[in-house]
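Asks: okay, here's the prediction I keep looking at, along with the sequence it came from:
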Amino acid sequence: MTLGFSVGALMRHARGGGALRMGLVRVAENDWLQGECDRDARAAVFDAHPDSVAVLPEGEAAVAELCALLVAPDLAAAARTHWEDLCLLAPGADGQYRLIAAALGFPTDWRLADKMGRPLTAIHAPIHGYAEQLAAGVDHFFATLKAGAIFGRANWFIVASDDWRYLPTDDPATRFAHVTADNAGRALFLRCERQTLRRLPETGAVLFTIGIAVEPLAALETPIVRRVADAVTHISAGEHERRAAPFYADALARYAAARDDLVEAAE
């Protein structure tokens, strides 16, 4: 089973609403990272945001190992020549995995400076239900992941732009104020994260990669739009608000219903 790189392919593996889950699939070495990519876009973002690369002193050995693996002189160069953002985590004295180095060019609503040096539970603190539903499983996975194995998963968000960097600072009510059932296909975008995890054999650090794919709803197949609309209605209350769903959920549901009606009329 392959994870794929497009929004359509990734959504086959993404969870719907309900309880949080890792939803991991095995990834073959030759399917690990995206091949052809827009390297100009990657270079431009790191030129414009040099603070998007950070390495703690305890992360230097892991960065050197990663750069040897990716045949790059340093972490910034590795991130410029690959589509994926690169995050390295290693256990501290307390055994908790912490973010020790990262090149984050295309973040989805989080800032590197806020996460550096922090453990997994603190990194994921904004996600409602993470501590109760997912933290123990994630900690166990990180502790037991074997070198040589690669796992992947997909995450998704409904957003208001197709910008590669998604760091909105405006009020959600303003951000989604223009969205209606009639224009949702053009005004709303499905943003997917293709995430992979593998352990570096020498340092034992875990590499977490994030590759972004974005499409307007109008470009997606109707079953995907329906699945996303249904998932939004079943997201837990806290996550519903964190994802700004109250400001687009109704328009999304009505847009999905209209798409369904068109499909039925054509059959």
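Replies: That came through, no problem. This one's a predicted model, so the numbers in the text were calculated from it and none came from an experiment.
Asks: for the most centrally placed residue in the chain, give me the backbone phi and psi.
Replies: Closest residue to the average C-alpha location of the chain: residue 193 at 3.1 Å, with Cα atoms, centre = their mean. Here is the backbone geometry of residue 193 (degrees, to the nearest 10): phi -110, psi 120.
Asks: quick check: it touching residue 108?
Replies: Yes: if you go by Cβ atoms under 8 Å, residue 193 and residue 108 touch, sitting 6.3 Å apart. C-beta: built from backbone N, CA, C; applies to glycine.
Asks: which neighbours do the two share?
Replies: Residues touching both residue 193 and residue 108 (Cβ atoms under 8 Å, 6 or more residues apart in numbering) are 210, 212.
Asks: all strands for the stretch 101-250 of the chain, in order.
Replies: Ranges of strands in the stretch 101-250 of the chain, per DSSP state E, counting those that start in this stretch, are 150-159, 189-199, 206-216.
Asks: and the helices in the protein?
Replies: For the chain, the helices defined by DSSP state H occupy 7-11, 39-48, 60-70, 75-80, 112-115, 120-123, 130-133, 135-144, 172-175, 184-187, 222-234, 237-242, 249-266.
Asks: got JSON lines for those helices, with mean pLDDT too?
Replies: Shown next, in JSON lines, are the helices of the chain (pLDDT from 0 to 100):
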{"stretch": "helix 7-11", "mean pLDDT": "95"}
{"stretch": "helix 39-48", "mean pLDDT": "96"}
{"stretch": "helix 60-70", "mean pLDDT": "98"}
{"stretch": "helix 75-80", "mean pLDDT": "97"}
{"stretch": "helix 112-115", "mean pLDDT": "96"}
{"stretch": "helix 120-123", "mean pLDDT": "94"}
{"stretch": "helix 130-133", "mean pLDDT": "88"}
{"stretch": "helix 135-144", "mean pLDDT": "94"}
{"stretch": "helix 172-175", "mean pLDDT": "97"}
{"stretch": "helix 184-187", "mean pLDDT": "98"}
{"stretch": "helix 222-234", "mean pLDDT": "94"}
{"stretch": "helix 237-242", "mean pLDDT": "88"}
{"stretch": "helix 249-266", "mean pLDDT": "90"}
